[in-house]
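[1] predicted model and sequence follow; I will ask about them next.
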Amino acid sequence: MEVVEIEKLINDALVLDELQVKFDGSQCSVVAVADMFADLSRVKRQQVVFAPLAAAIKDGSIHAVTVKTFTKEQWQRDKLFNM
């Protein structure tokens, strides 16, 4: 599975302001930014991002997934602190 395929799965299912995907072998790292995450718990946020990847996880195309979610405000703050 390629990064563009993972991005397409997520973008087809969710409306995001920003999406970053890194994929190394079978390990996937996702950063998703959208204000829709504002009212969701951390677990619910991850479930929302995992859902479009469920089939790829089930068939073994993706083995491990790390998800970080942010609202636009949280993302701006995080970028400032990590520069």
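    The structure has been received and is ready for your questions. It should be emphasised that the depicted structure is a prediction, and the values quoted were computed from it without experimental measurement.
[2] helices of the protein, start to end?
    Per DSSP state H, the chain has helices spanning 3-13, 42-50, 54-58, 72-81. These are given in chain order.
[3] what distance do you get for Met1 to Val49?
    When distance is defined by CB to CB, to the nearest Å, Met1 is 16 Å away from Val49. Just so you know, the C-beta spots here come from the backbone N, C-alpha and C atoms, and that holds for glycine as well.
[4] indicate which one of the helices of the chain is closest to Phe23.
    The minimum distance between Phe23 and these falls on helix 3-13, with 4.9 Å, by CB to CB.
[5] may I have that closest one as PDB, with CA atoms only?
    C-alpha atoms of helix 3-13 as PDB (Å, rounded to 0.1, in the frame of the first residue of the first chain):
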ATOM      1  CA  VAL A   3       0.900   6.800   1.000                       C
ATOM      2  CA  VAL A   4      -1.400   8.200  -1.700                       C
ATOM      3  CA  GLU A   5      -3.800   5.200  -1.300                       C
ATOM      4  CA  ILE A   6      -3.900   5.800   2.500                       C
ATOM      5  CA  GLU A   7      -4.500   9.500   2.000                       C
ATOM      6  CA  LYS A   8      -7.300   8.700  -0.500                       C
ATOM      7  CA  LEU A   9      -9.000   6.400   1.900                       C
ATOM      8  CA  ILE A  10      -9.000   9.000   4.700                       C
ATOM      9  CA  ASN A  11      -9.800  12.000   2.500                       C
ATOM     10  CA  ASP A  12     -12.700  10.100   0.800                       C
ATOM     11  CA  ALA A  13     -14.200   9.500   4.300                       C
END
